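A.B. asks: pasting the structure only:
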């Protein structure tokens, strides 16, 4: 904590969502009031009521992404997105995005290669890449 502009104390902390050092104003000019704010802020942060990373699973991502796609891509592309997500979720389960790894995508690729042509698998992988880029762009994952 340090005294900032016009004597108002600022609180510095590591944001758990981004891992970066972040500053927030306490809005207090008195050190004791700023310390009280800091204590409450830390309690809220531990309980998850303040700055928190958004935990989202694959089904929630699917709903959000398909709603986004409804307004931004053609109906045929929407169908490809929906089908690819259905296949991916059926293989991996409704897991948190933070729990996905490269291994999950490799397993999906191997599983799908047994069922469909390599061209189809490449289309589906390209689709999954688009969906993961959407998740990054809209801060679902880093």
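C.D. replies: That came in fine, so what should we check first? Predicted model, so just to flag it, every value in this text is computed and none were measured.

A.B. asks: Let me see the contact set for the nearest residue to residue 121 once chain neighbours are set aside.
C.D. replies: Of all residues not flanking residue 121 in the chain, residue 112 sits nearest, at 4.7 Å (CB to CB, 6 or more residues apart in numbering). Using the backbone N, CA and C atoms, a C-beta is placed for each residue, glycine as well. Taking CB atoms under 8 Å, 6 or more residues apart in numbering, we find residue 112 in contact with 87, 120, 121, 124.

A.B. asks: Can you give me the buried ones in the helix or strand hosting residue 112?
C.D. replies: Assigned by DSSP states H and E, residue 112 belongs to helix 102-115. Residues of helix 102-115 classed as buried by neighbour count (16 or more other CB atoms under 10 Å): 104, 105, 108, 112.

A.B. asks: Check stretch 126-137 too.
C.D. replies: Buried residues in stretch 126-137 (16+ other CB under 10 Å): 127, 128, 130, 131, 132, 134, 135.

A.B. asks: pretty sure the fourth one is touching residue 61, no?
C.D. replies: Read it as residue 131. Yes. Counting by CB atoms under 8 Å, residue 61 is a contact partner of residue 131 at 7.1 Å.

A.B. asks: name the helices or strands packed onto whichever helix in the chain runs longest?
C.D. replies: Counting residues, the longest helix in the chain under DSSP state H turns out to be helix 118-137. Where contact means 3 or more CB pairs under 8 Å, 6 or more residues apart in numbering; DSSP states H and E, helix 118-137 is packed against helix 58-70, helix 75-92, helix 102-115.

A.B. asks: Please convert the ones you listed to TSV, extending it with mean pLDDT and distance to residue 20.
C.D. replies: Compiled in TSV, the helices and strands packed on helix 118-137 are given as follows (pLDDT from 0 to 100; distance: least, CB to CB, whole Å):
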stretch	mean pLDDT	distance to residue 20
helix 58-70	93	24
helix 75-92	95	29
helix 102-115	94	25
